[in-house]
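Visitor: predicted model and sequence below, questions to follow.
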Amino acid sequence: MKAKSLSVNALLNSLQTILNLIFPLITFPYVSRVLSVDSIGKYNFSNSIVSYFILIAGLGISRFAVREGAKLRDDRKLFSVFASEIFTINLCSTAFSYLLLFITLLLVSSLQSYKEAILIFSIQIFFTTVGMDWLYTIYEEYGYITIRNIIFKIISIILLFTLVKHSDDYLKYVSITVFASTGSYLLNFFHAKRFFDLTLRWNFNWREYLIPIFSIFGTMVAVTIYVSSDTTILGFLKGDYAVGIYSIATKIYGMIGPVVSSTMAVAIPRLAMLIGRKRYLEYRSLLTELINTTIVVIFPVMTGLVLVSKDVVLLIAGSNFLRSAVSLKILSIALLFGTINTIFVECVLIPAKRENKTLVSSIVAAIVNILLNFAMIPIFIEKGSAVTTVIAEFTSMLLNYYFGKDIIGNIYDKRFFSNLLTVIIGCSTIIIVCGLVNNIITNVILRLVSSVVLSSIIYIFVLYLLNNTIAKNIIARVRIRIG
């Protein structure tokens, strides 16, 4: 396979992530003003229910496929056998997921008022399977993914402004959301023949696949529980209005997180390939660069989001949702722990075949999260949900560091702490800039844009003056691309 540039892949993936950010920035201010808070709550509660069944259908197959498939991607014949067997397993898990969903809808009476939305969302279960996103991650096809994403985002925006016009049109909003993802998954299925020859295979060693897949699946279940249980428990204990308020904070948090981790995502298949082929020096070098780059990016994002959370909520959702600004400030802290934790899981433990360790850390974090949710939501409502997310992410991060410290340990050297010190100094300037802008400018849009632009420029400038090597390398690469 022709080698792809990590910097180009990072650029393409960042572009795709920015598109995913722009899409809700265009649509959500419209949706939050057209739909009622209760309708937004129903949308998010239904989505949180279906997310569990999408997880069951996925079964941890994607992570396993990326780890093992990255080693076979240069041999079409071997990869075709592997990918066909993975796809067969995935079809079986999908059928089982639908069976569980229908049984749940029949037995849980409190879900009847959400049945239509849940059934529409459930279309994603099948199309996520046939979409085989893991295939395009293995082959680092970020150009194709970006183009596909642009097309369906544009169509979805047109449909949204055309069809969603009244406060009770949330089912139309659900349908458009589903179309935005399932259409691209259908394209994936037909495009997949470029990479392998698909056949359904039943006679193979299922045990060889299922043991690691179930370990990864257990981890993903636990992670989903401590990520989604906030919304689910909040819905059961406090109703649609509280979910509607909290959903704004989680929506913004969910928009920012992928932007921060977009560079990291393109490195995952490369790291899996390097460690799988025992090229440890290259693996360690890339992992070191990845961690240091993440530190440079995540700290200013977290700092800035805490400072401008109120303006972000006002701009995206309006004054009716201003109460969610406090939850957003709290969730901003989770960005730090969550991003670093993802590196430990996706780039260290999973490639090193320590998925059983990630299972332990995720189960512990899930238990902590659920217990704290039941304790804090009755008192602090959506703010309690946000705090439990931060604590769960921090718990998981510490445990995963412990399980991978023999691989990670040497990375935290003098260069790392020097990098961290310059970043902290740079973030101090962000606090000063945002404080000055907030006192001078009264217009929300102008204040937010000024805070972001000025803070970014001064942060980069300070890092450059302090001789931060990561910042200097990024600036040098940009100059080369422009030149």
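Guide: Looks like it came in fine.
Visitor: only C-alpha atoms from now on, for both contacts and neighbour counts.
Guide: Will do.
Visitor: quick one: secondary structure of I425?
Guide: Using DSSP: H, G, I helix; E, B strand; the rest coil, the secondary structure recorded for I425 is helix.
Visitor: also T388?
Guide: From three-state DSSP, the assignment for T388 is helix.
Visitor: dump the residue contacts of the spatially closest residue to F64 that is not a sequence neighbour.
Guide: Closest residue to F64 apart from its sequence neighbours, by Cα to Cα, 6 or more residues apart in numbering: I213 at 6.2 Å. The contact partners of I213, taken as Cα atoms under 8 Å, 6 or more residues apart in numbering, are L59, G60, I61, F64.
Visitor: closest to V50 out of those?
Guide: Each of these was checked against V50 using Cα to Cα; the closest is L59, at 14.3 Å.
Visitor: contacts only, for that closest one.
Guide: N90, S93, I213, F214, I216, F217.
Visitor: the fourth one touches S62, doesn't it?
Guide: Same thing as F214. No. Using Cα atoms under 8 Å, F214 makes no contact with S62, being 11.7 Å away.
Visitor: give me the more crowded residue out of those two.
Guide: Just comparing F214 and S62: by other Cα atoms under 10 Å the higher neighbour count belongs to S62, 22 against 18.
Visitor: distance of the more buried one from I138?
Guide: Between S62 and I138 the computed distance is 10 Å (Cα to Cα, to the nearest Å).
Visitor: so, low pLDDT: which residues of the chain?
Guide: Along the chain, the model assigns pLDDT under 70 to residues 1-25, 142, 226, 258-266, 409, 477-483.
Visitor: what residues go with each domain of it?
Guide: Residue ranges for the domains of the chain, per automatic domain parsing: 6-196+204-412, 413-483.
Visitor: pick the most buried one from those.
Guide: Compared across the domains of the chain, domain 6-196+204-412 shows the largest average neighbour count, a mean of 19 (mean count of other Cα atoms under 10 Å).
Visitor: so how far is that domain off the chain centroid?
Guide: Centre-to-centre, domain 6-196+204-412 and its host chain are 4 Å apart (Cα atoms, centre = their mean, to the nearest Å).
Visitor: go on, stretch 189-200?
Guide: 26 Å.
Visitor: how long is it from one end to the other?
Guide: Between the start and the finish of stretch 189-200 there is a gap of 14 Å, counting by Cα to Cα.
Visitor: show me the contact partners of it.
Guide: Contact with stretch 189-200 is made by 76-77, 79-80, 83-85, 87-88, 130-132, 135, as judged by Cα under 8 Å, 6+ apart.
Visitor: likewise for stretch 466-479?
Guide: By Cα under 8 Å, 6+ apart, the residues outside stretch 466-479 that reach it are N292, T293, V296, N419, T422, I460, L463, Y464.
Visitor: can you lay out these as a markdown table showing distance to L187 and secondary structure?
Guide: Formatted as a markdown table, the contacts of stretch 466-479 follow (distance: Cα to Cα, whole Å; DSSP: H, G, I helix; E, B strand; the rest coil):
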| residue | distance to L187 | secondary structure |
| --- | --- | --- |
| N292 | 36 | helix |
| T293 | 33 | helix |
| V296 | 36 | helix |
| N419 | 43 | helix |
| T422 | 45 | helix |
| I460 | 40 | helix |
| L463 | 43 | helix |
| Y464 | 44 | helix |
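Visitor: of the contacts of I213, closest to Q124?
Guide: Among the contacts of I213, and counting by Cα to Cα, the member closest to Q124 is L59, at 14.7 Å.
Visitor: pipe the contacts of stretch 189-200 into a markdown table and attach distance to I233 and secondary structure per row.
Guide: Compiled in a markdown table, these are given as follows (distance: Cα to Cα, whole Å; three-state DSSP):
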| residue | distance to I233 | secondary structure |
| --- | --- | --- |
| R76 | 46 | helix |
| K77 | 47 | helix |
| F79 | 42 | helix |
| S80 | 42 | helix |
| A83 | 37 | helix |
| S84 | 38 | helix |
| E85 | 37 | helix |
| F87 | 33 | helix |
| T88 | 34 | helix |
| V130 | 31 | helix |
| G131 | 31 | helix |
| M132 | 31 | coil |
| L135 | 34 | helix |
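Visitor: and which of these is nearest S175?
Guide: G131 (18.0 Å).
Visitor: quick one: which helix or strand includes the residue nearest to the closest one when sequence neighbours are not counted?
Guide: In space, and not counting its chain neighbours, G131 is closest to Y185: 3.9 Å by Cα to Cα, 6+ apart. Using DSSP states H and E, Y185 sits within helix 170-191.
Visitor: ok, V462 next?
Guide: Per DSSP H and E, V462 falls inside helix 444-465.
Visitor: same for that helix, what does it pack against?
Guide: In terms of contacts (3 or more Cα pairs under 8 Å, 6 or more residues apart in numbering; DSSP states H and E), helix 444-465 is packed against helix 280-316, helix 414-440, helix 469-482.
Visitor: can you give me the angle whichever strand or helix holds K251 makes with helix 280-316?
Guide: K251 belongs to helix 240-276 when assigned by DSSP H and E. Angle, helix 240-276 to helix 280-316, by axes from the mean of the first three to the mean of the last three Cα atoms, to 10 degrees: 160 degrees.
Visitor: what's helix 240-276 packed up against?
Guide: By 3+ Cα pairs under 8 Å, 6+ apart, helix 240-276 packs against helix 6-34, helix 37-58, helix 61-69, helix 133-138, helix 206-238, helix 280-316, helix 325-342, helix 382-408.
Visitor: make a markdown table out of those and add distance to I103.
Guide: A markdown table is the format used below for those (distance: least, Cα to Cα, whole Å):
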| stretch | distance to I103 |
| --- | --- |
| helix 6-34 | 32 |
| helix 37-58 | 12 |
| helix 61-69 | 24 |
| helix 133-138 | 28 |
| helix 206-238 | 18 |
| helix 280-316 | 37 |
| helix 325-342 | 33 |
| helix 382-408 | 28 |
